Structures are given as C-alpha cells and as structure tokens.
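A.B. asks: below is the sequence, then the predicted model.
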Amino acid sequence: MKNAKLNIGLTAAGIVLIAALGMLGVRSFAASEHARDLRAWQTRLSIVADSRAEALTQWVETQYEALTDISDNLSVQLYMTEVAASPSGARSTEVLAQIGYLENLLKAVASRGGFSGPDTGPQVDANVRRIGVAGVALLDRSGNLVAATPRMPPLAGRLAQFLATAPATERTMLDLHLNDANHASMAFSVPIFAVQGERTADQLVGRVVGVREVATSLYPLLRQPGIPWSSAEAVLVRSKEAAVEYVSPLADGSAPLTRTLARDTVQLAEGYALSHPNGFTEAVDYRNVPVLAISRTIPGTPWTMVYKIDRTEALSEDENRIARLTAALLAAITLASLAMIAAWQHGASRRSERAAAALGELAARHDQQRALLQLVTDSQPNSITIVDRDGRYRFANSKAAERVGLAPADMIGKTVASVLGPAAAEHGRALDKEALEHNRTVDDVARTGANGQSRVVQSTRVPVPDSEGRPGALLVVEQDITAAIAERERRERTQRQLVDTLVRLVDQRDPYAAGHSARVAEVARAIAEEMTLDMGTIETAEAAGKLMNLGKILISPELLVRSSPLSDAEMRQVRDSLTQAADFLSGVEFDGPVVETLRQLRERWDGTGEPEGRAGEAIVLPARIVAVANAFVAMVSRRAFRDGLSFDAASERLLAESGHAFDRRVIAALLNRLDNHGGRLDWARFQDPSSMPEARPIV
C-alpha cells in the first residue's frame, strides 16, 4: 500500500513537472519569436531611416553649396577685397558700379537655391515697407551690409545675434526657428576670403548670408515614397534644456516648433532617441501611443530624426500568429497531460508497461533524431559544432572532427582550447563572448597559418537559447573559403594585367595617349577617394581612366600625332574611339561597371550628351568622375598648339559647366582635393612641358 501511494505521488509529480517544462518551452518559444520579429522591424526601419537621414544631410549641404558658389566667385572675392581695403564711406566709383552685378548674382542664387519668398505684413496703400522672409546678403568683415536681394530680412533680432556670435571664418547655421511670419526658417553663413588668400582670419573679407523658409523643401524629405505602413512617421527633434523640442510638423496636426515634452517622460521614444543616437526601442511617442522607433543623428545639425511606426500595425499580425501557435502548444501539453493521467488511471501494471514503452520509444526517437542530425550535418561541406558557455563541445559533425583528427564523439565534453590549441581558441572565444553577451549572430573571416599553409575561414556564431530564452550555447558554422579568396585574388591580378597589357598596346600606337590616360586615371581615383566611395567604385573609375583611349588602335598613327587642326570627320573619329573602347571590352568580366563607364563618358549631366542622352543620376557615377578628370587633365596639360591652363582657370571653366556638362558633386570633390588635400602640389607636374610629350586633347 505504501509503495502504491509512493508511485501515485511520483506519477503526479512527473505530470506536474512535464506540464511546467512545457509551459517554459512555450514561453521561450514566444519570447524567441517576438525577438525575431523585433529584429526584422529594426532592419526595415533602419533602411528607411538611413535613406531619410541621408536626404536631410544632403539638403543641409546643398544650402551651404549654394552660398559657397557666391563666396568662391572671383568677382565677389575681388569686390569684397576692395571693400575691405577701402575706408568706410569712401568706396570708389568702380567699386560702387559693381553693386548692380552683385545684386543680380545674389538674386540668381536666391532664386535657384530657394533663398527667396514673399514679403510679410499687410498689403496697404501706403509707403510702408513689407518685411521679407528670405534672401541673400553680402556683409563686409565688420558685419556691415554691402549688397542684398530685395526681400532679404533686416539684420536685426535673432539674425543679428547669430551673426554677432557665429565664427566669421567658418560656415555656420542659425538653426530652425519661427520668423516674423510664424513660419519655420533657417539661416546659413559662409565666409569670403581674399583672392588666392589662405582661409585664415586675416584673409577674411566678408561673409555671404542666406535666409530661407524650409516648409516646402526640408520637411517633405521626411516622407519616404512607397512606404505601405499607414502609421509610419519621421519626426525631427532636438534638445531644449531638459525638454524634447519637436522641430518638424507632426501627424496629429501640430505645427513645427510649437511642441515640447520633458526628456524624462516615462518611455518617451523621442527622449530615448536623444539619449541613444542610432538606437532602436519599443516605447511611446508624443501621442502616448506605443511605437517601434529608430533614431539617426543629422551631421552638422543639432537634429535627431526619429522614424517610428505604431506597435499595433507593426506587430499585431505577428503577435496573433504567436498567440495561435502558443495556444496550440498549450493545447498539446494539456492533451499530453490528460493522456498521461488517463494512462495512470488505467491501472498500475498497465501504467508501468506503457510508461516503459513510451520512454523506450522516446529514447529511440531521441536516438533517431540525433542520428538524423548527425547524418544531415555530416553531409555538409562545412564544420558544424555546438559550444556551451564554458567553451566545451556539445555537438560536432564529421567535418569538424576531420579538421582536428578526432572522431565526433571524442570531441564532446572537451574544451575548444584543448582541441584547437590556445591561440586559435582565444580568437574564437572573443567572438563567442560577443555573440552570447549581445544575443546576436556574429560573422567573422580570419586567416590562419602562414606561407603555403595559410587558410581563410569564414565563421558564423548563432546563439542557441536555453529553456528560459537566454543564449545558453552557440551554433558555430565554419567554412574554408581559401580557394574562393585565392580565385578572387587571381581574377583581380588577371584584370590588372589585362588593363596594363591594353594600355601598353595603346602606347605602341599613340605614346602621347598613355601619359594622358595615366593622368586621368590618377585624378579619377583621387576624386573618388575624396567622395569617400567604396573601393569597387574607386577601382572602376581608375580602370576606365586607363582604358578610355583603347579605341585609338583603330585610328591611323598619322592622325593621332598630327599637330594641325583636325577636320570635323577626323574629330568625330577621335570622339567615337571612346565608344569603340567600350565595344572592345564588352566581353571582359570586370568586377565593376568599367564597360558602362567607358560607354557613357560622353554623356552630359543635362542630358545633351551622347550616345543615349542620359542625364543626371542615370549616368553611372564612375563615368561622371572620369569625365571631370578627363576635362581637367586636358585643360591643365600643355599641348602642341597651346599652353596648359592654370589650376584656377581650369576650376573656373569646370564650375561654369557645373550642372550642364558635369556633376556638381564631382567638381566639388576635385576642387576640395586641389585646395585642401595637396592636389595642387601632387599635380603640378601636369603643367611641366617636359613631364609628358605634346599631344592632342582627348575629346
């Protein structure tokens, strides 16, 4: 009787334990699914947030560029230099005569750059001047007004305080504020330095100031086209003492710069964004609505952009799915528990029999599953292991065991250090720690060995949660990519050798073109590096610069070296050689769009080029870069029929074609390399007659 009671108690305890373990498993499953859904939404929101942040950053840079066009204008620099040298009130007649020219220039920039707008105040039949809300003005180095557009706001109040406190030798910004018309407005200031002068305080001759309203140009950039989420919203915020200030329009109808909330508001998404730049969170927004939010800082401004979506829209479908699956699992656990109770009630002997049979079947199933797992992983070409928190192997497939010369079973329970050695284990241990502490997948590529025994291994570490949803072990998948890396490096060497061979082929036909192509390639690479582009784009621009003259092998040597003017037909033959170079190389598999770059070298930014009339961003970026580099080298290099232009004269010509023949950003990168990163010194040899044979311009 006593034994029967004991058996009954043990059976009841077992049923309770199994039910509890099942509940823990359900809880772990739900938490894992929720975390996976959050990671997916973080990725989606990151893509949109990066896009909008880049658009806002580019908008700010565009405002500075518009004013920089004025500050870098030689006529403006000369005029402001003369103003700075003239006593106040004693400007010469020639200086005063240029005011009309400067005002026309300011009007053009204001209209083109958005620094224009209507007057404020009532329209009355009286001699009362209405106040402007936007405009561009030139100030001398003492802050006195020299020239301005007709609707330039008065230099008073907030604007005057900004000009008085902002560093005159740096480009600065008066942040978002409400102007006299109660509209969101900003101001920008760019210094003007003397012609050929250094950018120092003693060479400062004035400033150009632009004021504009931003409602129609800045705020629309917060909207991402094509987004299917109805509750998604991008909001600009900034710190205001201990508060969050909303500087953009809000979805609830609030106007910009009219709403603030305390930064320590509980679970406020915008407050979290200011304290955690580039962070992701579940919180509530200014409407007290639960949201998923991600933040991005906008360089050069005090703004933080918060991109968010209502939690209900984002996760309701996933949470319903998890709830259904959870209910199904709970139902299964309940049914299993009831089945066990029914089996126990059937009789002690039958219970024992069936329990033994069930356990045997479970053990057999466990062995089968383990054997299946071993079979599946053994068929993989990669090393697959599971390592616990203590660095001990819990599973290993045959590939992993083969790599260390052991049987898979012999690896179980051993530490990674004892199997692979302390040095190899130390690198892996650091990756294990990162994956476990942050509960995220960690990828790595590492070289091992030396000389002929060098290997390249790509590894992935995936956290494996325990019963409470915490990472208790790591699934480690390692792939030997030594052959793939070697093949890629061999292909890159082959491409470089191909380029060098083709350049030598052109050298034999036209020795002058080799010098020009090498210079174009050098300048194109410098421009691409200045634009901080990826290495693939940089190398594409350099290769296209080297190969652009390949088509000249079809042109007679007499035509290539002739110093007298060419006929229209001969000039067309030289121009068409660029397209022929692309045709020659169309069957070569380059890593980047080298062939497309060559084919589009004669396209123009405004769409008037050849052969397809592409315009703007439709022209591949390497082609825009090589086109500017080619024009620059042709201008500054000495030719048989003319001397090379000075760097300043060439810069002026390129700027004149900005937005017409060439991409403004590419020209800006070239000028920045010239003036700020040693370009003038590096390329001074271009203007040395002895540095390259006299050659016809590359058109």
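C.D. replies: Ah, there it is.

A.B. asks: all helices of the stretch 251-400 of the chain, in order?
C.D. replies: All helices of the stretch 251-400 of the chain, identified by DSSP state H, counting those that start in this stretch, fall at 269-275, 311-345, 348-378, 398-404.

A.B. asks: isn't D252 right up against R287?
C.D. replies: Yes - using CB atoms under 8 Å, D252 is in contact with R287, at 5.8 Å. Glycine gets a C-beta too; all of them are placed from N, C-alpha and C.

A.B. asks: circling back: highest mean neighbour count out of the helices of the stretch 251-400 of the chain?
C.D. replies: Compared across those, helix 269-275 shows the largest average neighbour count, a mean of 22 (mean count of other CB atoms under 10 Å).

A.B. asks: tell me which other helices or strands that helix touches.
C.D. replies: Where contact means 3 or more CB pairs under 8 Å, 6 or more residues apart in numbering; DSSP states H and E, helix 269-275 is packed against strand 233-240, strand 243-246, strand 259-262, strand 280-284, strand 290-297, strand 304-310.

A.B. asks: reformat these as CSV; add mean neighbour count, mean pLDDT and distance to I553.
C.D. replies: What follows is those, written out as CSV (neighbours: other CB atoms under 10 Å; pLDDT from 0 to 100; distance: least, CB to CB, whole Å):
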stretch, mean neighbour count, mean pLDDT, distance to I553
strand 233-240, 21, 96, 54
strand 243-246, 22, 96, 64
strand 259-262, 15, 95, 68
strand 280-284, 19, 96, 56
strand 290-297, 23, 96, 51
strand 304-310, 25, 97, 53
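
A.B. asks: and of these, who's closest to G271?
C.D. replies: strand 243-246 (5.4 Å; CB to CB).

A.B. asks: adjacent strands (with direction) for that closest one?
C.D. replies: strand 233-240 (antiparallel), strand 259-262 (antiparallel) (DSSP bridges).

A.B. asks: relative orientation of the first one and strand 290-297 in degrees?
C.D. replies: Spelled out, that is strand 233-240. 60 degrees (axes from the mean of the first three to the mean of the last three CA atoms, to 10 degrees).

A.B. asks: from here on, call the first residue 57.
C.D. replies: Done: numbering now begins at 57, and the last item shifts to strand 289-296.

A.B. asks: strand 289-296 to strand 360-366, inter-axis angle?
C.D. replies: Using the same axes, to 10 degrees: strand 289-296 against strand 360-366 is 140 degrees.

A.B. asks: could you give the mean pLDDT of stretch 518-531?
C.D. replies: In this model, stretch 518-531 has a mean pLDDT of 72.

A.B. asks: hmm, back to that, how about the helices of the stretch 307-456 of the chain in CSV, adding distance to V104 and mean pLDDT?
C.D. replies: Formatted as CSV, the helices of the stretch 307-456 of the chain follow (distance: least, CB to CB, whole Å; pLDDT from 0 to 100):
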stretch, distance to V104, mean pLDDT
helix 325-331, 15, 94
helix 367-401, 13, 75
helix 404-434, 38, 69
helix 454-460, 41, 81
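
A.B. asks: out of those helices, which is closest to Q154?
C.D. replies: helix 325-331 (47.3 Å).

A.B. asks: how far off centre is the closest one?
C.D. replies: 22 Å (CA atoms, centre = their mean, to the nearest Å).

A.B. asks: now that helix - C-alpha only, CSV.
C.D. replies: Listed in CSV are the C-alpha atoms of helix 325-331, where the atom choice follows Å, rounded to 0.1, in the frame of the first residue of the first chain:
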residue,chain,number,x,y,z
ALA,A,325,10.6,57.4,-27.8
GLU,A,326,11.9,60.8,-28.7
GLY,A,327,13.6,61.3,-25.4
TYR,A,328,15.2,57.8,-25.8
ALA,A,329,16.4,58.9,-29.3
LEU,A,330,18.2,62.0,-28.0
SER,A,331,20.0,59.9,-25.3
